[in-house]
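build the 3D model from these lines:
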Amino acid sequence: MNFSIKFRPFFWPTLFTIISLLILISLGTWQVYRLIWKNSLISNYLYKFNNEIIKYDKNFSFNNEFEFRRIYVKGKFFNEKEILIIGKTFEGNAGYHLITPILTNENKVLLINRGWISEKLKLRSSRSFNIIDKNIVIDGIIRKPQEKGYFVPENDPIGNFWFTIKPNQIKKALKLESFDLEEKFYIDVIRNKGKLTLPIGVTGNPNFRNQHLSYAVTWYSLAITLFIIYLAFHIKEKRLTFKKRS
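Numbering: from 1, shown residues only. Reported below is the predicted structural model:
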């Protein structure tokens, strides 16, 4: 049994549908590319993090391949030179990230993101328990200077309002020009696996948002839905008909 199909499309609904479908399909495809990129980024992070731990010494020279590598650093904190990164949360609680310079055994200064503290611990006098005055070993992850997000304000060194970790700005604000401060990277401290202590460092596990698959499915689903509505509209208006051939 054969069918004959007659289709007399409306001009403006058809034009609108074609343009909309192209946009929706493009958005879905872009999300697929983003998914592939994000999966590659996560794989790269895990590969680097699980690589041999770097022991920082005077011969260490940073390049981009060292980002996300685990590193041990020995030195002493400049506790009086700390800064706080605004707008950080931990399990829904507002607070800051505590950034403290460390003078390494190689007379190099590195910025250490020691982790999250609550708002009530903003003042150094309120947290004497984490003021360390002796030489320590930092177990951390190498990170490149942060890029400012679209909706993130610029750092305000004069007002002491910090939103991103940018070593070159922090060096000037803390008056550390006389020291050899590393500006190409900083270090995120890895938290202990036992009981949580403040500051709360990073887990070491990848924490990249990866919802691109759901976004892609959403855009493609909208495209399919729009196409079905377009066909249903033309069927209702008898501009798309199906007849049996005798």
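
pull the longest helix from this structure.
As assigned by DSSP state H, the longest helix anywhere in the chain is helix 11-49.

any idea how far that helix is from the middle of the chain?
Between the centre of helix 11-49 and the centre of its host chain there is 19 Å, according to C-alpha atoms, centre = their mean, to the nearest Å.

go on, stretch 91-101?
Stretch 91-101 sits 16 Å away from the centroid of its parent chain (C-alpha atoms, centre = their mean).

do stretch 217-230 as well
Counting by C-alpha atoms, centre = their mean, stretch 217-230 comes out at 30 Å from the chain centroid.

pretty sure Lys171 contacts Asp180?
No. Using C-beta atoms under 8 Å as the test, Lys171 is too far from Asp180 to be in contact (10.1 Å). In this view, the C-beta of every residue, glycine as well, is placed from N, C-alpha and C.

who's more crowded, the two?
More crowded of Lys171 and Asp180, by other C-beta atoms under 10 Å: Lys171, with 18 against 12.

state the three-state secondary structure for the one residue sitting closest to the centre of the chain.
Geometric centre of the chain, nearest residue: Phe208, 5.7 Å, by C-alpha atoms, centre = their mean. Look at Phe208: counting by DSSP: H, G, I helix; E, B strand; the rest coil, its state is coil.

with the one 5 residues further on instead?
When the structure is reduced to helix, strand and coil (three-state DSSP), Leu213 reads as helix.

separation between it and Gln31?
Per C-beta to C-beta, to the nearest Å, Leu213 is found 8 Å from Gln31.

OK, contacts around Ile54?
Going by C-beta atoms under 8 Å, 6 or more residues apart in numbering, Ile54 touches 60, 66, 69-72, 142.

return the member of those residues nearest to Leu196.
Arg70 (20.0 Å; C-beta to C-beta).

check the closest one and give its pLDDT.
Per-residue pLDDT puts Arg70 at 95.

and Leu110, what are its bridge partners?
Per DSSP bridges, the residues bridged to Leu110 are Ile102.

same thing with Ile136?
Bridge pairing for Ile136 - DSSP bridges - gives Gly75.

wait, doesn't it sit right on Asn79?
No. Contact criterion C-beta under 8 Å: Ile136 and Asn79 do not qualify, at 11.6 Å.

tell me which stretches of this protein form strands.
With DSSP state E as the criterion, the chain has strands at 3-7, 54-55, 70-77, 83-90, 93-104, 108-118, 136-143, 180-181, 186-189, 240-244.

quick one: the fifth one to chain centroid distance?
Taking the mean C-alpha point of strand 93-104 and that of its whole chain, the gap between them comes to 18 Å (C-alpha atoms, centre = their mean).

buried set for that strand?
95-104 (16 or more other C-beta atoms under 10 Å).

which residues touch Glu177?
Lys171.

before we move on, the earlier item: pull out the buried members of the contacts of Ile54.
Looks like these have 60, 66, 69-71, 142 buried, using 16+ other C-beta under 10 Å.

which of those residues lies closest to Ser43?
The closest of the buried ones among the contacts of Ile54, once distances to Ser43 are taken by C-beta to C-beta, is Arg69, at 14.8 Å.

domain assignment for this protein?
As given by automatic domain parsing, the domain ranges for the chain are 3-43+211-244, 54-189.

and the contacts of Ile54 as JSON lines, adding distance to Leu35?
Converted to JSON lines, the contacts of Ile54 look like this (distance: C-beta to C-beta, whole Å):
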{"residue": "Phe60", "distance to Leu35": "35"}
{"residue": "Phe66", "distance to Leu35": "26"}
{"residue": "Arg69", "distance to Leu35": "25"}
{"residue": "Arg70", "distance to Leu35": "27"}
{"residue": "Ile71", "distance to Leu35": "30"}
{"residue": "Tyr72", "distance to Leu35": "35"}
{"residue": "Ile142", "distance to Leu35": "26"}
